[in-house]
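*Asks:* 3D model of this:
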Amino acid sequence: MTGEEPPVGRVRSRVGRWRDQAAALGWLVLIWNLLWGDFSWGNLLGGLLAGMAVLVFFPLPPVTFAGRVRPRALLALAGRFVAELVVASVHVAAVAVRPGFVPRSAVIGVPLRVRTDLNLALTAELVSLVPGTLILEVDREAAILYLHVLDVRGPQGLADNRQRVLDIERRIVRAIGSADELRRVHSDPVEKENTS
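*Replies:* This is a model prediction of the structure:
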């Protein structure tokens, strides 16, 4: 037994890599056309060339996806995100126009329970898209997000912001996570550490 991957396994991994590259290229072409604001043959060709250049000259580490998409949980994730977006926008606007008010900010670290690159990226993106929070750093090895939060009122405000990030992570995993990842976010060891 040599320990080499059997030919079928090599073919599957090669097909998986090509599939991932094709999906990344598709997203890059879509973003290119959205940035130009016009879906034309020229923009499609330009997006293909730019996307291929990005994938060749700036290769990203492979992002594995071991979960499955759950449409109902994905809709719940999107709906909750829009609701949080509206509430946070109103809150930040109120802070901005309040005369003489100086909000207190904080930098907090939130350890995530699922340590995959995909989970880190998606959680960081959704957190940073909500007004009033900004991702400052991601510790990939320890799976910790460091973020700046606006208008924190005492220790309870810090705990609420940590819990909000963990809730976003839980909703993402419910929408696209594997069974093992679902068990990890429902066991909540991080939350128990934060509350003690």
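
*Asks:* and the next element down the chain from whichever strand or helix holds residue 72?
*Replies:* Per DSSP states H and E, residue 72 falls inside helix 71-97. In the C-terminal direction, the helix or strand that comes right after helix 71-97 (DSSP H and E) is strand 106-111.

*Asks:* thinking again about what came up before, packing partners for the helix holding residue 72?
*Replies:* Packing partners of helix 71-97 (3 or more Cβ pairs under 8 Å, 6 or more residues apart in numbering; DSSP states H and E): helix 117-129, helix 154-176. The C-beta positions use only the backbone N, C-alpha and C, and glycine is treated the same way.

*Asks:* quick one: contacts of the helix or strand following the longest one?
*Replies:* Spelled out, it's helix 154-176. Counting by DSSP H and E, the element after helix 154-176 in chain order, helix or strand, is helix 179-187. Counting contacts by Cβ atoms under 8 Å, 6 or more residues apart in numbering, the residues outside helix 179-187 that touch it are 66-67, 113-114, 116, 119, 166, 169-170, 173-174, 177.

*Asks:* isn't residue 51 up against residue 25?
*Replies:* Yes - using Cβ atoms under 8 Å, residue 51 makes contact with residue 25 at a distance of 4.7 Å.
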